[in-house]
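**Student:** Could you look at this predicted model? Sequence included:
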Amino acid sequence: SKKWEDFTTLRWLIGVTVVGTVFTVFFILVGTIPGFGGAILDFLAYLFVTWEVWKFIFDLGVFLFMIIGIAFLLFFFWNHGVYYVLKNVKQIEEEIEVDERIKKEQLVNADEKTLQKVYKRDTGKKAIYRGQETKGYIEWKKKMLD
C-alpha cells in the first residue's frame with residue numbers, strides 16, 4: 001500500500017532493535033561466561049601488542065574480517081527485519097480488507113433496523129437522534145452500501 005512506501009522510521013526502529021539485541025547478547029555473554037570478558041581483552045591486547053609486522057598485519061586482517069562479518073550480519077538482519085514487519089503488516093491489512101468486503105456484502109440486503117444495529121455496534125453511536133438519521137449514520141451507510 002502507498003503509506004508504506006516511505007518506511008524510514010521503521011528502518012530506524014529495526015536498526016535500533018538489531019543493535020540493541022547484539023549488545024544485549026554480548027553483555028549477557030560477558031556477564032555469564034566466566035573469563036569471556038577477560039579473553040576478549042587478552043585477544044585485543046595480543047593483536048596490538050605483538051609488533052612483528054607480518055603478524056600484526058595478519059592479526060589486524062583477521063580482526064577487520066570479523067568486524068566486517070559482524071557488520072554484514074547486522075545489515076542482513078536489519079533488512080530482513082524490515083521486510084518481515086512489512087510483510088506481516090500487509091497481510092493483516094489484506095485480512096482486514098477481506099473482512100470489510102464480506103461485511104459490506106452482508107449489509108447490502110439488510111433491512112434498516114439491522115443497519116442501525118450494526119452501526120450502533122460498530123461505532124457505539126445512535127443511528128437515529130430526535131427521529132432523524134444522524135450525519136455519521138448517513139455517511140457510514142453510504143460508505144458501507146456503495
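**Tutor:** Received it, and whenever you're ready, just let me know what you need.
**Student:** low-scoring pLDDT stretches of the chain, where are they?
**Tutor:** For the chain, the stretches with pLDDT under 70 are 1-6, 47-48, 50-51.
**Student:** quick one: furthest residue from the center of this structure?
**Tutor:** In terms of distance from the mean C-alpha position of the chain, residue 52 ranks first, at 48.2 Å (Cα atoms, centre = their mean).
**Student:** ok, so what distance separates that one from residue 43?
**Tutor:** 17 Å (Cβ to Cβ, to the nearest Å). (C-beta placed from N, C-alpha, C; glycine too.)
**Student:** Next: residue 110.
**Tutor:** Note on residue 110: its distance to residue 43, by Cβ to Cβ, is 72 Å.
**Student:** Same check on residue 55?
**Tutor:** Residue 55 is 14 Å from residue 43, where distance means Cβ to Cβ.
**Student:** give the contact list for the residue positioned nearest the centre of the chain.
**Tutor:** In the chain, the centroid-proximal residue (Cα atoms, centre = their mean) is residue 85; its distance is 4.0 Å. By Cβ atoms under 8 Å, 6 or more residues apart in numbering, the contact list for residue 85 reads 10, 14.
**Student:** and stretch 8-19, which residues are buried?
**Tutor:** Within stretch 8-19, the residues scored as buried using 16 or more other Cβ atoms under 10 Å are 14, 15, 18.
**Student:** Surely the last one is in contact with residue 74?
**Tutor:** So that's residue 18. Yes - the criterion here is Cβ atoms under 8 Å, and residue 18 meets it with residue 74 at 5.7 Å.
**Student:** What count of nearby residues applies to residue 32?
**Tutor:** 8 (other Cβ atoms under 10 Å).
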